[in-house]
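Trainee: What follows is a predicted protein model with its sequence.
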Number of protein chains: 2
Amino acid sequence: MTLPRRRFVEQAATLAALPFVDRWLGGGLGSGLPRDIDPLLDAAPLRADGAWVNAALARFDAIGRTASGINRVAYSEGDLAGRAFTLDLYRAAGLTPRIDAAGNIIARVAGSDPRLPAIVIGSHVDSVTDGGNYDGPVGTFGAIGAARALQAQGVRLRHPLDVVCWQNEEGGTIGSKLAIGAPVDLDGVARSGKTIREGITLTGGDPSRLAEAVRPRGSVACYLELHIEQGGNLDRSGTPIGVVLGIVGLKWFEVTIDGFANHAGATPMDQRQDAMLAAAKFTIAVNEAIRLEPGRQVATVGRVVALPNTRNVIAGQVQLTVDLRDLDAAKVARFAARFQQIGREIGAATNTTFTFREATSSEPAMADPRVMGWIEASAGALGLGTQRMPSGAGHDAQEMAHLCPMGMIFVPSVGGISHSPKEFSRPQDIANGVDVLLNTVMGADRALDA
Amino acid sequence: MTLPRRRFVEQAATLAALPFVDRWLGGGLGSGLPRDIDPLLDAAPLRADGAWVNAALARFDAIGRTASGINRVAYSEGDLAGRAFTLDLYRAAGLTPRIDAAGNIIARVAGSDPRLPAIVIGSHVDSVTDGGNYDGPVGTFGAIGAARALQAQGVRLRHPLDVVCWQNEEGGTIGSKLAIGAPVDLDGVARSGKTIREGITLTGGDPSRLAEAVRPRGSVACYLELHIEQGGNLDRSGTPIGVVLGIVGLKWFEVTIDGFANHAGATPMDQRQDAMLAAAKFTIAVNEAIRLEPGRQVATVGRVVALPNTRNVIAGQVQLTVDLRDLDAAKVARFAARFQQIGREIGAATNTTFTFREATSSEPAMADPRVMGWIEASAGALGLGTQRMPSGAGHDAQEMAHLCPMGMIFVPSVGGISHSPKEFSRPQDIANGVDVLLNTVMGADRALDA
């Protein structure tokens, strides 16, 4: 295998700035430009069988497929069929899967040192309504493919390796929340219409024994997750590997705007308390405010319900949602306050009343800088360019970050499309991602608890 | 009875500018300020029994009343109960109602000259969903009350007088459309869930004999309708009587905005095709455009449906409606073109596509200036101030305007509220309206076919 030398040198130069890389590489890199890159070239990266993973994804595409997209919403027939397929895939890879009390699928590969905590890798296979085949399965099958490659090449890690398929990621990272002992409303109703409690039973767990599914602090050395990027940054820049800086913090607001419903034909323009007009002004003001400041923060009005929602009646009430995210919790809090101020101003100007309810709030979950370094070093060794980026989407990794060092590897999604039947990642990009995951596991195994 | 002299003089001065008033008043008013106002004072106005009409309205309030408002949507149980009450009220007033083939209730009072065409007065008693007790019944009961007053005071008109209660006004002026022979989709489904065809049978008409319900051209001398004002102009200015200039022309557009649905967290702000943002910009632009030009034109975005309408997904599509009205058909056409241009501009700026469909279009229906003059003269004789105004709402009068000279008398609705359980008109205002209707009938009877 030949690495494109120029790219590698650039990569190594970046890595040299990170002290732990130097340690991992055995001091082969000094500060500044590397004098000697042989140590990295000597440690030739492992390769997984990308074709095997892609073949599994191709077969998986038929499961839950409907005219409007992939429908494997948690606990539905499609989801349960997808989990059965996944269990078979574990076995085909030589792994022995079990289902924990929370309904998560886990297969352990023993390490050489039974005293060490586990390296956990995985993702999910449930989908959104009318979703695609890549969000989740790429990381789950990729983790299975990485474990298979270790077995096939006779590589034994020092740490135990747990290959996990979390249940119900799309409905609120339920399986990983249960794994860290975070509160979950078992009576909450999932998109399939089943409660979480029913879903745990359906997936083979046991709602009465959830404590057994909780990972004790100290029992996990690190968590790694491969996933498609759900924005278009990698696809646009032609970069094969995204190194996740962290998963953004999020606030969801439900905003109720009260005006006064009246006749659309008979009420003069200057006598209206038009909740629709106020909602439109607010939607634009939120968009302008979030774009005014440099950075990667995002804010979205995605849902709107007007009352009476009739063409010849001025809207008396509009309810809308704001989704606000950034990697910086202080910035999220600042924009949240700004949006409420904007609502008050528009309310005063339009003779309407804005009421805010914070429906959800989550803190940013930062990736571990050492894990980011191992990902970058692995990609570098494989000759793959990288780009650091926040994850604007939520992932099971955000839960695991409460428990252990966490890192995520992104691969491009064409056009940045996700949660859509049009979601697509190229087989080569997926194979690259699995290779980077495999080598990152190797790097973590070497560096952690050393 | 004493008229406030100053107000009357002002009124008479205004009237003097209208040549037909001069004719009706027997030449008693010259040009400029009147030298002699005795002729008007001599012709003391008739009075109807406002208390009788208000008592009927008070009893009617219980019919179709639910926790959320008056529900007498056409052909529903509430509507049929309301019609039964109304038939009883005709009879209590000494009238003999019949139901024509279209389901309209009509009672004829013979005139002294059987060769003359009929003066038609009336309104409707059906309501919108969750509506009030005044929109429709005020004019229907007012017309019955006016006919009752003529009988009670032994006044015989020259013209026959038809007192009409039109069926299904709120669902598209169906009864009056059938009366003028305008096309009606008999298979269209009304808000009650019944088809128009079923509704005609339910109201006592006969869908197979609709031709018999059509009023031949020349058979109606004029049409007068008393109604609550559905804006707040009269209430705000403290004016007891509104003289309708005409019923505005209307265009209803259904606008579909296509963007691209994507992840609200992962899609950078500058990479979005956000249909919700485009819809907000359009809603504001329509409002600003319509307000920029002096006049009483109105435009309303009252209905919005977003897809997928989920808080964490950028809207891929938004459908919204525009309701555009003015008394000037050319102005309506000009704004319709302007709104489509605005859609194209916003589409280009936001990377979305706007598609317009004209769902409904109706021409303005102008009131007859002579009828307006009789209304103003009647109000003046009663000592009631008047204000000319367009009707932004549609009425059966807009259909009858195709057939004969038309006029409408408005009375204040408190706060300009209509189509709402909060709809309310003061008993005195209603009594004033019935008196003006009665005297306008008298004026028309004297002046028409003379």
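Mentor: Ah, there it is.

Trainee: Report the secondary structure state of the residue nearest to residue A:135 when sequence neighbours are not counted.
Mentor: Once its chain neighbours are removed from consideration, residue A:135 has its nearest residue in residue A:418; the separation is 5.2 Å (Cβ to Cβ, 6 or more residues apart in numbering or on different chains). Just so you know, the C-beta spots here come from the backbone N, C-alpha and C atoms, and that holds for glycine as well. For residue A:418, the secondary structure call by DSSP: H, G, I helix; E, B strand; the rest coil comes out as coil.

Trainee: Tell me, how many residues neighbour residue A:418?
Mentor: 27 (other Cβ atoms under 10 Å in any protein chain shown).

Trainee: do you know how far it is from residue A:235?
Mentor: Residue A:418 sits 11 Å away from residue A:235, taking Cβ to Cβ, to the nearest Å as the criterion.

Trainee: for chain B, what are the nearby residues on the stretch 1-150 of chain A?
Mentor: With the criterion set to Cβ under 8 Å from any Cβ of the partner chain, the stretch 1-150 of chain A comes near chain B through residue A:130.

Trainee: All the helices of the stretch 1-150 of chain A, residue numbers only.
Mentor: Taking DSSP state H, counting those that start in this stretch as the criterion, the stretch 1-150 of chain A contains helices spanning A:5-16, A:19-24, A:38-42, A:50-60, A:77-92, A:137-152.

Trainee: do the stretch 201-350 of chain A as well
Mentor: Taking DSSP H, counting those that start in this stretch as the criterion, the stretch 201-350 of chain A contains helices spanning A:233-237, A:275-292, A:329-350.

Trainee: buried set for the first one?
Mentor: The reference is to helix A:233-237. Buried positions in helix A:233-237, judged by neighbour count with 16 or more other Cβ atoms under 10 Å in any protein chain shown: A:233, A:234, A:235.

Trainee: Can you name every helix or strand that it contacts?
Mentor: Packing contacts for helix A:233-237, counted by 3 or more Cβ pairs under 8 Å, 6 or more residues apart in numbering or on different chains; DSSP states H and E, involve strand A:241-247, strand A:386-391.

Trainee: now swap in the last one and tell me
Mentor: Applying 3+ Cβ pairs under 8 Å, 6+ apart, one finds that helix A:329-350 contacts strand A:249-258, helix A:275-292, strand A:317-326, strand A:353-362.

Trainee: what does it contact?
Mentor: Applying Cβ atoms under 8 Å, 6 or more residues apart in numbering or on different chains, the set of residues contacting helix A:329-350 from outside is A:248-251, A:253, A:255, A:257, A:259, A:273-274, A:277-278, A:281-282, A:285-286, A:289-290, A:295, A:297, A:299, A:322, A:324-326, A:352-354, A:356, A:358, A:363-364.

Trainee: Which ChimeraX command selects the buried ones in those residues?
Mentor: The buried residues among the contacts of helix A:329-350 can be selected in ChimeraX (16+ other Cβ under 10 Å) with this line:
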select /A:248,249,250,251,253,255,257,259,273,274,277,278,281,282,285,286,289,290,297,299,322,324,325,326,352,353,354,364
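
Trainee: Can you read off the pLDDT for residue A:361?
Mentor: According to the per-residue confidence, residue A:361 scores 89 in pLDDT.

Trainee: if we look at the sheet, which residues does it bridge to?
Mentor: The residues paired with residue A:361 through beta bridges, assigned by DSSP bridges, are residue A:251.

Trainee: Repeat that for the one 5 residues further on.
Mentor: Beta-bridge partners of residue A:366, counted by DSSP bridges, are residue A:246.

Trainee: thought it was touching residue A:401?
Mentor: Yes. Under the criterion of Cβ atoms under 8 Å, residue A:366 makes contact with residue A:401 at 6.8 Å.

Trainee: coming back round to it: next one: phi and psi at the residue nearest to residue A:135?
Mentor: Dihedral pair for residue A:418: phi -150, psi 170, per degrees, to the nearest 10.

Trainee: What distance do you get for it to residue B:267?
Mentor: Going from residue A:418 to residue B:267 by Cβ to Cβ gives 9 Å.

Trainee: do residue A:120 as well
Mentor: According to Cβ to Cβ, residue A:120 and residue B:267 sit 29 Å apart.

Trainee: go on, residue A:58?
Mentor: As judged by Cβ to Cβ, residue A:58 and residue B:267 stand 27 Å apart.

Trainee: and those two? which has more neighbours close in?
Mentor: Taking residue A:58 and residue B:267 together and counting by other Cβ under 10 Å, residue B:267 has the greater number of neighbours (27 against 11).

Trainee: CA atoms only for stretch A:245-255, dumped as PDB, please.
Mentor: Provided in PDB are the C-alpha atoms of stretch A:245-255 (Å, rounded to 0.1, in the frame of the first residue of the first chain):
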ATOM      1  CA  LEU A 245     -15.500  17.600  18.200                       C
ATOM      2  CA  GLY A 246     -18.600  16.900  20.300                       C
ATOM      3  CA  ILE A 247     -22.400  16.600  20.000                       C
ATOM      4  CA  VAL A 248     -24.100  20.000  20.300                       C
ATOM      5  CA  GLY A 249     -26.200  21.100  23.200                       C
ATOM      6  CA  LEU A 250     -29.800  21.600  22.300                       C
ATOM      7  CA  LYS A 251     -32.800  23.500  23.500                       C
ATOM      8  CA  TRP A 252     -36.300  22.900  22.200                       C
ATOM      9  CA  PHE A 253     -38.900  25.700  22.700                       C
ATOM     10  CA  GLU A 254     -42.600  25.500  22.200                       C
ATOM     11  CA  VAL A 255     -43.800  29.000  21.500                       C
END
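
Trainee: now it: how far from the chain's centre is it?
Mentor: For stretch A:245-255, the distance between its averaged C-alpha position and the chain's averaged C-alpha position is 13 Å (Cα atoms, centre = their mean, to the nearest Å).

Trainee: and what of stretch A:301-319?
Mentor: Relative to its parent chain, stretch A:301-319 has a centroid offset of 33 Å by Cα atoms, centre = their mean.

Trainee: Which neighbours do residue A:418 and residue B:267 have in common?
Mentor: Here residue A:418 and residue B:267 have residue A:230 as joint contacts, going by Cβ under 8 Å, 6+ apart.

Trainee: For the residue nearest the centre of chain A, give its distance to chain B.
Mentor: Relative to the mean C-alpha position of chain A, the nearest C-alpha, by Cα atoms, centre = their mean, is the one of residue A:395, at 3.0 Å. Computed with Cβ to the nearest Cβ, to the nearest Å, the distance linking residue A:395 and chain B is 10 Å.
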